[in-house]
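> 3D, please:
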Amino acid sequence: MFKTRSEREGQSEFWVATDRLAKATPSRFYELLNETLRRTKFAEQVWEICASAYADAAKGIAPAHRCR
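Below is the predicted model:
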């Protein structure tokens, strides 16, 4: 079903050196998103909505940490 690899047929390179990867262009998107979420108190609202699920340990798993 599968053909075996001949001796002269080598395996191509598997790893890519990080200096050969394309460089990401800096973006303020996440910085602006985090500021918007902080300003609108998004995390606090989510914690308030979900509080009943975490009020009793028997009802659910307590979250690992609170976002600030």
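> all helices for this protein, in order.
29-39, 42-54 (DSSP state H).
> what's in contact with the shortest one?
For helix 29-39, the external contacting residues (CB atoms under 8 Å, 6 or more residues apart in numbering) are residue 43. Where you see a C-beta, it was placed from the backbone N, CA and C, and this is true even at glycine.
> and the angle for it with helix 42-54?
Interaxial angle, helix 29-39 versus helix 42-54 (axes from the mean of the first three to the mean of the last three CA atoms, to 10 degrees): 60 degrees.
> need the helix or strand of this protein with the lowest average pLDDT.
Within the chain, no helix or strand scores below helix 42-54, which has a mean of 83 by mean pLDDT, DSSP states H and E.
> and residue 37, how many neighbours?
For residue 37, the neighbour count with other CB atoms under 10 Å is 14.
> For residue 52, see how far away it is.
Between residue 37 and residue 52 the distance is 22 Å, computed by CB to CB, to the nearest Å.
> Over to residue 24?
40 Å.
> Which residue of those two possesses the greater neighbour count?
residue 52 (10 against 6).
> Check the gap between the more buried one and residue 19 for me.
Going from residue 52 to residue 19 by CB to CB gives 51 Å.
> Likewise for residue 40?
As judged by CB to CB, residue 40 and residue 19 stand 40 Å apart.
> the more surrounded of those two?
Taking other CB under 10 Å, residue 40 and residue 19 do not tie; residue 40 has more neighbours (10 against 6).
> check contacts around that one.
Residues counted as contacts of residue 40 (CB under 8 Å, 6+ apart): none.
> Check what pLDDT it gets.
pLDDT recorded at residue 40 is 96.
> how close does it get to residue 47?
Residue 40 sits 14 Å away from residue 47, going by CB to CB.
> Distance to residue 13 for the helices of the chain - can I get that in CSV?
Below are those laid out as CSV (distance: least, CB to CB, whole Å):
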stretch, distance to residue 13
helix 29-39, 33
helix 42-54, 44
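> Show me where the protein dips below the pLDDT cut-off.
Along the chain, the parts satisfying pLDDT under 70 run over 1, 5-10, 55-68.
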